[in-house]
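> Provide a 3D model corresponding to the input given below.
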Amino acid sequence: MKLDGSRSLMTIDVEDWFQVENLRSAISRESWNGRELRVEKSTNLILEILSRNHTKATFFLLGWVAEKLPHLVRTIQSQGHEIACHGYGHELIYRMNREEFDEDLKRSKAILEAITGEEVLGYRAPSFSITDWAIESLMQHGFRYDSSLFPSMAHDRYGKFTNLKVQDDPIFELKEGFYQVMLSCLPVMNKNLPWAGGGYFRLMPYPVFKMGVRRILEQKGLYSFYIHPWEFDPAQPDIQDIKRSHHFRHYTNLDKTESRFARLVADFEFSPIRSALAAIRG
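Okay, the predicted model is just below:
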């Protein structure tokens with residue numbers, strides 16, 4: 001029996017293995033077109049697990065991936081999942097200026113909408129690199145929510161708001177008509193541990209992770225999870241010429257992701273972000 005009603009959000013950040021920030025020092029953007037595309041197989045595996053458990057999710061897709069694999073976007077959409085935007089080429093927001101970010105948004109949103117024939121309303125920043133000024137751009141380009149913010153600075157790449165007011169609620173109206181959907185953290189000894197997925201999901205033993213999810217649901221009433229297709233691919237190339245910490249973050253327990261994810265989806269009832277926002281807006 002699933003444990004939580006529909007108070008958990010399932011999100012998938014769709015990027016290929018060579019586009020991850022941990023590998024950036026060893027893999028240039030200029031080399032991307034010559035790299036093996038592995039994202040489709042892993043995404044189809046995720047879709048299969050979700051389908052078995054009658055679970056719908058929000059898929060945040062890179063425009064670059066959508067451009068290369070438009071049929072994959074249509075497959076995701078045809079199975080009833082929400083299509084949302086992860087930017088075009090996984091460039092961190094705070095490494096761009098406002099003009100560059102606007103162009104990135106415009107390009108990626110147009111690609112996704114041309115493929116799906118539907119308006120794309122949601123955004124997640126690459127590596128959660130959100131900034132205050134990015135919110136203004138998102139609103140101007142027709143987005144209705146962002147899901148890039150952790151109530152924690154436990155990772156050196158996470159973005160933050162310096163002027164916008166962050167509320168304690170897991171979903172709140174950041175500006176009129178525009179919502180912030182927070183990533184989940186677990187309060188432990190006066191600190192917020194990121195507990196939303198990714199490397200933390202692979203690092204923690206599943207029973208411990210599950211216990212943390214239950215505690216977040218008890219305390220906050222809503223839990224938000226994310227994962228990447230490349231985390232389901234232990235056979236991906238092993239890039240050695242990177243920092244040891246980056247190698248650890250990227251490659252630890254890749255062989256455990258599939259089984260743990262299947263257990264998580266079976267244990268908890270998840271929904272896409274659009275469903276949660278529809279319930280809030282009435």
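> I'd like the distance between Pro205 and Arg260.
Between Pro205 and Arg260 the computed distance is 9 Å (CB to CB, to the nearest Å). Yep, even glycine has a C-beta here, placed from its N, CA and C like the rest.
> those two: which is more packed in?
The neighbour comparison of Pro205 against Arg260 (other CB atoms under 10 Å) goes to Arg260, with 19 against 11.
> tell me the secondary structure for the more buried one?
helix (DSSP: H, G, I helix; E, B strand; the rest coil).
> check contacts around it.
Phe201, Arg202, Tyr206, Phe209 (CB atoms under 8 Å, 6 or more residues apart in numbering).
> right, and the third one touches Arg263 too?
Spelled out, that is Tyr206. Yes: Tyr206 lies in contact with Arg263 (CB atoms under 8 Å); the separation is 5.9 Å.
> helix or strand: which one has the residue lying closest to Leu193 once chain neighbours are set aside?
Spatial nearest neighbour of Leu193, excluding adjacent residues (CB to CB, 6 or more residues apart in numbering): Leu186 at 4.7 Å. Assigned by DSSP states H and E, Leu186 belongs to strand 185-188.
> in that strand, what's buried?
Neighbour-count burial for strand 185-188 flags Cys185, Leu186, Pro187 (criterion: 16 or more other CB atoms under 10 Å).
> same question for stretch 225-237.
Phe225, Tyr226, Ile227, His228, Pro229, Trp230, Glu231, Phe232, Asp233, Gln236.
> can you pull out the helices in the stretch 1-150 of the chain?
39-52, 63-68, 70-78, 98-116, 132-140 (DSSP state H, counting those that start in this stretch).
> quick one, which of the ones you listed gets closest to Phe270.
Shortest distance between Phe270 and these, using CB to CB, is found for helix 39-52: 8.4 Å.
> what's the mean pLDDT across that closest one?
The average of the pLDDT scores along helix 39-52 is 99.
> got the CA coordinates for that helix in PDB?
Coordinates of each C-alpha in helix 39-52 appear next as PDB, following Å, rounded to 0.1, in the frame of the first residue of the first chain:
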ATOM      1  CA  VAL A  39      19.500   9.500 -22.500                       C
ATOM      2  CA  GLU A  40      16.700   7.800 -24.600                       C
ATOM      3  CA  LYS A  41      17.300   4.300 -23.200                       C
ATOM      4  CA  SER A  42      17.400   5.500 -19.600                       C
ATOM      5  CA  THR A  43      14.400   7.800 -20.000                       C
ATOM      6  CA  ASN A  44      12.400   4.900 -21.500                       C
ATOM      7  CA  LEU A  45      13.400   2.800 -18.400                       C
ATOM      8  CA  ILE A  46      12.000   5.600 -16.200                       C
ATOM      9  CA  LEU A  47       8.800   5.700 -18.200                       C
ATOM     10  CA  GLU A  48       8.400   2.000 -17.900                       C
ATOM     11  CA  ILE A  49       8.800   2.100 -14.100                       C
ATOM     12  CA  LEU A  50       6.300   5.000 -13.800                       C
ATOM     13  CA  SER A  51       3.800   3.200 -16.100                       C
ATOM     14  CA  ARG A  52       3.900   0.100 -14.000                       C
END
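> which outside residues touch stretch 61-68?
14-16, 19, 32, 37, 39, 72-73, 76, 83-90, 107-109, 111-112, 115.
> okay, Leu193: pLDDT?
88.
> now do Glu119 against Cys85, distance only.
In terms of CB to CB, Glu119 sits 11 Å off from Cys85.
> among these two, which residue is more densely surrounded?
Cys85 (27 against 12).
> the more buried one and Ile12, how far apart?
Counting by CB to CB, the gap from Cys85 to Ile12 is 13 Å.
> residue ranges with poor pLDDT in the stretch 1-150 of the chain?
1-6 (pLDDT under 70).
> in the stretch 151-282 of the chain, which spans are strands?
Ranges of strands in the stretch 151-282 of the chain, per DSSP state E, counting those that start in this stretch, are 171-175, 178-181, 185-188, 191-194, 223-227, 270-271.
> who wins for proximity to Thr43 among those strands?
strand 223-227 (10.8 Å).
> centre of the chain to the closest one, how far?
Chain-centre distance of strand 223-227: 7 Å, with CA atoms, centre = their mean, to the nearest Å.
> thanks again, I'm all set now.
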